[in-house]
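Visitor: can you look at this prediction? I've put the sequence above it.
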Amino acid sequence: MSALIHPTALIDPKAQLHPSVAVGAYSIIGPDVTIGAHTVVGSHCVIDGHTAIGEHNHFYRFCSVGGMPQDKKYAGEPTRLVMGDRNMVREYVTINTGTTQDGGITRLGSDNWIMAYVHVAHDCQIGSQVILANGVQMGGHVHIGDWAIVGGLAAVHQFGRIGAHSMTGGQSAVHKDIPPYVMSAGNPCVPVGINSEGLKRRGFSAESISALRDAYKIIYRRGLSLDDAKIELRDRQAAEPAVADALQTLLDFLDKSERGIIRP
């Protein structure tokens, strides 16, 4: 046994672990698990299911990763969990595999910070550079965009979508979609402005941030229908090519929203 694997760990012979993977005491790794280089699995973790994990991830103690979906329709199909690189997964986090009712894959990108007691349900799609604070709970099929921050104890309804670069306050109840760049909070969750400080830290230009503030006003302050708001946003996009990409991210999200977006 590798010196990096504690003698009390139970690792199925069929599991594929890079030689640099470290596994702590009493952890269990199932036969259909693949783990990339320099990943650390703490003590008392369980990683099972059809699970593929990238490099340089850190699973803190007492994680449950790759468990079967909490869905009564699940009938043992070989659905999957796929994770990227450099994710931090803290204590008592649970991440389930997908279901055949969706694409069959729960997916997390890279460089995510997933704090204690978070639940990532079946078929969720989490981007990269996402922060999920302690106790965030998700229903199935939730999508969260890159760089989003979700505050502690927030609950996200199944099939909900949270846009890139958004910031959602703690204990929020998210029943509708949260557009990119938007700050929101409350039960029910409501918009409260643009995440301008976060955008500055990520290198957005002053011109782009100003355009996104105006976009927020068009969507939320002008009394327009969503269809009319999108027409105005496209007009703004055509008139100012320098901010076209930032506005396109917002427009793409609005076009795909099925549950409707949060409203004041």
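Guide: Nice, thanks for sending it over.
Visitor: quick one: residue 81 and residue 112, what's the gap?
Guide: Distance, residue 81 to residue 112, by CB to CB, to the nearest Å: 14 Å. Where you see a C-beta, it was placed from the backbone N, CA and C, and this is true even at glycine.
Visitor: how about the contacts made by the most centrally placed residue in the chain?
Guide: Geometric centre of the chain, nearest residue: residue 126, 2.7 Å, by CA atoms, centre = their mean. Applying CB atoms under 8 Å, 6 or more residues apart in numbering to residue 126 gives the contacts 107, 108, 109, 112, 120, 132, 144.
Visitor: run a quick neighbour tally on the last one.
Guide: When counting by other CB atoms under 10 Å, one arrives at 29 neighbours for residue 144.
Visitor: so for it, what's the pLDDT?
Guide: Listed pLDDT for residue 144 reads 98.
Visitor: next up, phi/psi of it, please.
Guide: Torsion angles at residue 144 (phi, psi; degrees, to the nearest 10) stand at phi -130, psi 120.
Visitor: could you list everything it pairs with in the sheet?
Guide: residue 126, residue 162 (DSSP bridges).
Visitor: show me the helices in the stretch 101-250 of the chain, by range?
Guide: Along the stretch 101-250 of the chain, the segments classed as helices by DSSP state H, counting those that start in this stretch run 196-201, 206-220, 226-239, 244-256.
Visitor: how about these in a markdown table, adding distance to residue 138?
Guide: Compiled in a markdown table, those are given as follows (distance: least, CB to CB, whole Å):
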| stretch | distance to residue 138 |
| --- | --- |
| helix 196-201 | 21 |
| helix 206-220 | 25 |
| helix 226-239 | 25 |
| helix 244-256 | 18 |
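Visitor: who wins for proximity to residue 89 among these?
Guide: Closest approach to residue 89 among the helices of the stretch 101-250 of the chain (CB to CB): helix 196-201, 22.5 Å.
Visitor: mind giving me the packing neighbours of that closest one?
Guide: Identification of packing neighbours for helix 196-201 by 3 or more CB pairs under 8 Å, 6 or more residues apart in numbering; DSSP states H and E yields helix 206-220.
Visitor: give me the helices and strands touching the helix it packs on, please.
Guide: strand 190-194, helix 196-201, helix 226-239, helix 244-256.
Visitor: ok, now with 10 Å
Guide: In terms of contacts (3 or more CB pairs under 10 Å, 6 or more residues apart in numbering; DSSP states H and E), helix 206-220 is packed against strand 182-185, strand 190-194, helix 196-201, helix 226-239, helix 244-256.
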